[in-house]
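Enquirer: A predicted structure for the sequence below; I have some questions about it.
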Amino acid sequence: MSRVKDIIVKVIPSKIANEFVKKYHYSKKVVPNSKLHFGCFLDDRLHGVLSYGSPFMKTKVLQLVENSKWNEMLELNRMAFDDYLPKYSESRCIAISIKLIKKNAPHIKWILSFADGTQCGDGTIYRASGFYLTSIKQNNSIIMLNNGEVVASMTYTKGKNILKQGGRAGIPKDAEKLNGNMIRYIYLIDKTCKITVPILPFTKIDDLGAGMYKGEKISLADRRNKEN
Amino acid sequence: MFPMCWGLVKQPLYLKKDKMKISEIKLNKKNPRLIKDYKFEKLKKSISEFPKMLELRPIIIDNDNIILGGNMRYQALKDLGYKELPENWVKKSSELSEEEKQRFIISDNINFGEFDFEIIANEWDTELLADWGLDVGGFDVNSDDLGTDFTLPDGDKAPFQQMTFTLADEQAEILKAELDKVKKSEEFKYVETFGNENSNGNALYLLIMNKKK
């Protein structure tokens, strides 16, 4: 019998959350904007982390849902789990975290999240958690450096690295662009809110060849066939 | 005269001749394995609590006493203060060719299988497993001290924003000097702050407004 229901979700300090993300998230990187972290516990050990915060370019993001005010939304910007948790734990933890957001911050009306269809997956967990699919975009912003490290190109066009390059923004010459997709999902906590962009059917993922599961390119249809 | 029952006399567990000096064994310089500090501590703990494991899985050495398998265990034993090892903790493998030795070093460390954590979580005592040195994943965080309450800012955005610029050292020097000059001016005392308490921001605003005049 699965023990998904035994999972306990609590608010955890960012220090612990960040350490966990660095160890278990595929990117090994934390998002500095994260300000609310939930820890997922089973058998008295922390086995998962969900981090919420403000999105990058928030003014633009707010336009995705009608009449959104500055503090009415959050981005679920990191989700990391180890292998210990049973199947379907991720959806359960998302559901609990949203429940806690509803209770403690009732002014939050919607959640934004992105699935990294270049390195990770197309968002199976979001779809299972009731998120709407709102965009599938070719992602040209992920690069692999010659030492194998994978980073967002933004790392080189904004912030500290500009200084390293004498004020010039530029991606290292030997960096390789990774092909993939950035898949955007929205969850409406307040069901009366209206998403201003078209809601896409999940089949669009296969139509655009954007299917990915655990870092492997595979369509939703092929995954379904494998399961059956 | 030897006693009649000589053959039946039980020998002390480890006679001098049954032991091997740890200094006679040599670490393998080609060993490609590493061990992190906390895992090394786990290994030491495991050996000191369950030394019988070394009888069941001895350190493998070649004819020159160079370790082919068990470099970490050897280091752990040294660290635990062992000067001599019971002979059955060490096995000499003299039949291997050079190529076979190399293959053994790698093959001995390949984990072909993996743990089914669903079974681990349901059928085993995970605390005990962690105590035995198995990495059951996750972090040891006491959830009893944690809660489920939190607050987040409400309403609209605060009417302030931070802007970041990158300046050349020369540019920065000039800008700083200008800001300092403005801050010392009489005019600065009456600048429209819109509630902003950041003096650099207000000085920059005054500089621009004066420019616009």
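Expert: Perfect, I can see it now.

Enquirer: all contacts plus neighbour counts: C-alpha atoms, from now on.
Expert: Noted.

Enquirer: so what's the residue most central in space within chain B scoring on pLDDT?
Expert: Among the residues of chain B, the one closest to the centroid is residue B:36, at 5.0 Å (CA atoms, centre = their mean). Predicted confidence (pLDDT) for residue B:36: 75.

Enquirer: and if you look at residue B:131?
Expert: Per the predicted model, pLDDT is 79 at residue B:131.

Enquirer: Same check on residue B:174?
Expert: 95.

Enquirer: Likewise for residue A:172?
Expert: On the pLDDT scale, residue A:172 gets 74.

Enquirer: From the rest of the structure, what touches the lengthiest helix in chain B?
Expert: Across chain B, the longest stretch assigned as helix under DSSP state H is helix B:169-184. Residues from elsewhere that reach helix B:169-184, judged by CA atoms under 8 Å, 6 or more residues apart in numbering or on different chains: B:188, B:199, B:200, B:203, B:204, B:206, B:207.

Enquirer: Compute the number of surrounding residues for the nearest residue to the second one once chain neighbours are set aside.
Expert: It stands for residue B:199. Once flanking residues are discounted, residue B:199 sits nearest to residue B:183: 7.6 Å by CA to CA, 6 or more residues apart in numbering or on different chains. Residues lying near residue B:183 (other CA atoms under 10 Å in any protein chain shown) number 19.

Enquirer: Grab the nearest non-local neighbour of the residue in chain B that chain A sits nearest to.
Expert: Closest contact between chain B and chain A, by CA to the nearest CA, is at residue B:138 (4.4 Å). Distances taken as CA to CA, 6+ apart place residue A:47 nearest to residue B:138, at 4.4 Å, with adjacent residues excluded.

Enquirer: tell me the angle the helix or strand following the longest helix of chain B makes with helix B:169-184.
Expert: Proceeding N to C from helix B:169-184, the next assigned helix or strand is helix B:199-212, under DSSP states H and E. Counting by axes from the mean of the first three to the mean of the last three CA atoms, to 10 degrees, helix B:199-212 lies at 90 degrees to helix B:169-184.

Enquirer: Which other helices and strands does helix B:199-212 contact?
Expert: Helices and strands touching helix B:199-212, as assessed by 3 or more CA pairs under 8 Å, 6 or more residues apart in numbering or on different chains; DSSP states H and E, comprise helix B:169-184.

Enquirer: Can I get the helix it packs on in PDB, CA atoms only?
Expert: Provided in PDB are the C-alpha atoms of helix B:169-184 (Å, rounded to 0.1, in the frame of the first residue of the first chain):
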ATOM      1  CA  ASP B 169      35.400  52.400 -12.400                       C
ATOM      2  CA  GLU B 170      36.000  55.800 -13.800                       C
ATOM      3  CA  GLN B 171      32.300  56.300 -14.400                       C
ATOM      4  CA  ALA B 172      31.500  55.100 -10.900                       C
ATOM      5  CA  GLU B 173      34.000  57.600  -9.300                       C
ATOM      6  CA  ILE B 174      32.400  60.500 -11.200                       C
ATOM      7  CA  LEU B 175      28.900  59.500 -10.300                       C
ATOM      8  CA  LYS B 176      29.800  59.000  -6.600                       C
ATOM      9  CA  ALA B 177      31.500  62.400  -6.500                       C
ATOM     10  CA  GLU B 178      28.400  64.100  -8.100                       C
ATOM     11  CA  LEU B 179      26.000  62.400  -5.800                       C
ATOM     12  CA  ASP B 180      28.100  63.400  -2.800                       C
ATOM     13  CA  LYS B 181      28.200  67.000  -4.100                       C
ATOM     14  CA  VAL B 182      24.400  67.000  -4.500                       C
ATOM     15  CA  LYS B 183      23.800  65.600  -1.100                       C
ATOM     16  CA  LYS B 184      25.700  68.400   0.500                       C
END
